[in-house]
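Enquirer: Sequence unavailable; structure follows:
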């Protein structure tokens, strides 16, 4: 079922002949970070993610944001498996002409996210190259022994998000469509504190690094269950993002469909644990956002234009896979899907 | 003392404002891989290295070699700290036009080195980008608790290599100067088995990823001690590499000076442990290569053109830092140093 998605297919092709470590707990696609048993019997989490396409497409231009995101995207994967960060390694490909003060700002972005998340740069590598590329690899541990994966959804479970949604795509609109004034402050922090609570209650968990609908689609394929969003799903969207989308003629649901994530966690809570979960969350000063529920039918359903609709999430994911044709072509494809539903 | 080297300066600049983890055992520059204490108290090793400049300069063109090296350079760092690999993560930047059979060959190179070293690809990331770039991050453990760093040289200690030297630079000559027939078979394997023995006896250890003289130079700066190579240092050089250098008019010592490494380990053995060390090595079917000894004087000395000379290793390292000017310019600079000694 995961093989209807072009990105999954590429990963399957690339790893086709790789032997799997007997010490690896998770299967392919099954978790945001790899979960490995070390010789002492303890588990560690490890994940790697590059910031490359975001720079090449012009989505990220501020060196501070680039540094910040190289750390955040990886810490967010740790949060999604319920790990506490040990630190991060960063490999940097730096163009010879990259100015020193930009380099400084980029390193400051790295350093600030680390401080913000109480973690450290452990090491790295530098190479000279034509295009700026940062690759982070984050390491984490599981002090309580408990971890989260993308599997564990049961029909009837409640679907929550760690925070308001849509900011990643609103930022992309403001940056790429040149929306000008009223831009979006986009510096997401990995949801590590929230993950501490989620770990104790959740079934499945995954971060929204590729946007909400892609995340739900992947969870759906891995679990063989679907999702129905609550009727007022629009209340789960960040207000500033909604306003920016409206100003640019982008329908609200596309803030969930676009591929640039807000790095929130999506997770499922069994109904019998919901009260305890919400109490625990409140104690830490955190307000989880209810989004919908897990359903038996393997589809993503939401009320759109006065009807409950099944979202064609495979198409939505696959059109983003060829972003090479440019952001305008991508946006046109999404708007075409929107028109067909109206 | 490390700040006379341009590469060290760049690393110092980049990490200037980074806080150091209290769980990190090694200092900056002090080891080939980072050594971190996990929550269970066990140590893990982690290291990251990109294959980027090697592709951009045309040093690596065969996709199989590129995949192979993305793993080997990282496992070699684990070997240098005496760690046993848990596995590796690979982040790949793949140009849209990169052919599927090349991709296949590259993944085969990755898979084959892993098998060869008894380890596994644990995970990864893929991005589309203009230039092919592979970033590996290897993880290792220390089952016996013992680790190696680049420090621990004492005057009088013996300097050994894990194998014959010069193959990295001989390969570079054959690949970049287009030596044609009689090329060099270059597929180095990380010296993990040898590291198992070295760990029990050595003072300092470092891999020759940047060539022998750069490695000795870094060890010299970190330890505040020097090295004197044995009079017959030429016998430590791989025979095929010597022949290829001769055919191309490259003096033998430049096989140690060039920046493309053979990924052997250089390490120091206290004289009182030498017999036990050699016995243990022989038992595993391994023949270490004696190279010289540690001296009090902070310099690298070797007999060249009938005289014992101090090698200007800072200059040798720094001219390689601007390889952007091309391999021919780099070679001319090395040959100029050679002429001045004749």
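Expert: Perfect, thanks for sending it. Because the structure is predicted, anything quoted here is derived from the model rather than measured.
Enquirer: and the angle from the longest strand along chain A to strand B:84-94?
Expert: Across chain A, the strand with the greatest residue count (assigned by DSSP state E) is strand A:84-94. Counting by axes from the mean of the first three to the mean of the last three CA atoms, to 10 degrees, strand A:84-94 lies at 50 degrees to strand B:84-94.
Enquirer: Tell me the helices and strands packed up against the helix or strand that comes right after strand A:84-94.
Expert: Next helix or strand after strand A:84-94 toward the C-terminus (DSSP states H and E): helix A:100-116. On a contact count with 3 or more CB pairs under 8 Å, 6 or more residues apart in numbering or on different chains; DSSP states H and E, helix A:100-116 meets helix A:63-80, strand A:84-94, strand A:121-128, helix B:6-15. For the C-beta atoms, the positions are set from N, CA and C on the backbone; glycine is no exception.
Enquirer: try 7 Å this time
Expert: helix A:63-80, strand A:84-94 (3 or more CB pairs under 7 Å, 6 or more residues apart in numbering or on different chains; DSSP states H and E).
Enquirer: and the shortest one, which strands flank it?
Expert: Spelled out, it's strand A:84-94. Partner strands for strand A:84-94, per DSSP bridges, with pairing direction: strand A:121-128 (parallel), strand A:133-141 (antiparallel).
Enquirer: what is the rounded mean pLDDT of that strand?
Expert: Strand A:84-94 carries an average pLDDT of 97.
Enquirer: give the contact list for residue A:301.
Expert: A:226, A:228, A:229, A:308, A:309, A:310 (CB atoms under 7 Å, 6 or more residues apart in numbering or on different chains).
Enquirer: Any idea what the fifth one is bridged to?
Expert: By that I understand residue A:309. Counting by DSSP bridges, residue A:309 forms beta bridges with residue A:302.
Enquirer: picking that back up, taking the helices and strands packed on helix A:100-116 together, which one is wrapped up most tightly?
Expert: helix A:63-80 (a mean of 27; mean count of other CB atoms under 10 Å in any protein chain shown).
Enquirer: remind me which residues of the stretch 101-250 of chain A are low pLDDT?
Expert: Scanning the stretch 101-250 of chain A with the threshold set as pLDDT under 70 gives A:178-182.
Enquirer: Backbone torsions only: list them for residue A:341.
Expert: Dihedral pair for residue A:341: phi -90, psi -20, per degrees, to the nearest 10.
Enquirer: related to what we said a few turns ago, name the stretch among the strands paired with strand A:84-94 that sits most buried.
Expert: strand A:133-141 (a mean of 29).
Enquirer: what's the neighbour count on the closest residue to residue A:121 other than its chain neighbours?
Expert: Nearest residue to residue A:121, sequence neighbours excluded (CB to CB, 6 or more residues apart in numbering or on different chains): residue B:18, at 4.6 Å. A count of nearby residues for residue B:18, using other CB atoms under 10 Å in any protein chain shown, gives 18.
Enquirer: Shouldn't residue B:18 be within a strand?
Expert: No: assessed with DSSP: H, G, I helix; E, B strand; the rest coil, residue B:18 is coil; it does not lie in a strand.
Enquirer: Now the residue of the stretch 151-300 of chain A found nearest chain B. Nearest residue, chain neighbours left out?
Expert: Proximity of the stretch 151-300 of chain A to chain B (CB to the nearest CB) peaks at residue A:209, 10.6 Å away. In this structure, residue A:209 finds its nearest non-sequential neighbour in residue A:261, 4.3 Å apart by CB to CB, 6+ apart.
Enquirer: The one you found: helix or strand, and which one exactly?
Expert: With DSSP H and E as the test, residue A:261 turns up in no helix or strand.
Enquirer: need the contact list for residue A:163.
Expert: Residues near residue A:163 by CB under 7 Å, 6+ apart: A:264, A:289.
Enquirer: and with 10 Å instead?
Expert: Shown in contact with residue A:163 (CB atoms under 10 Å, 6 or more residues apart in numbering or on different chains): A:188-189, A:191, A:194, A:208, A:236, A:238, A:262-265, A:286-289.
Enquirer: Helix, strand, or coil at it?
Expert: coil.
Enquirer: Residue A:236 contacts residue A:208, doesn't it?
Expert: No: Residue A:236 is beyond contact range of residue A:208, at 11.5 Å (criterion: CB atoms under 10 Å).
Enquirer: For those two, work out which one has more neighbours and name it.
Expert: Set side by side, residue A:236 and residue A:208 show more neighbours around residue A:208, with 28 against 22, by other CB under 10 Å.
Enquirer: Let me know whether the more buried one touches residue A:289 as I believe.
Expert: No: Residue A:208 is not in contact with residue A:289 according to CB under 10 Å; the separation is 11.6 Å.
Enquirer: overlap in contacts of those two?
Expert: Joint contacts of residue A:208 and residue A:289 (CB under 10 Å, 6+ apart) are A:161, A:162, A:163, A:165, A:264, A:266.
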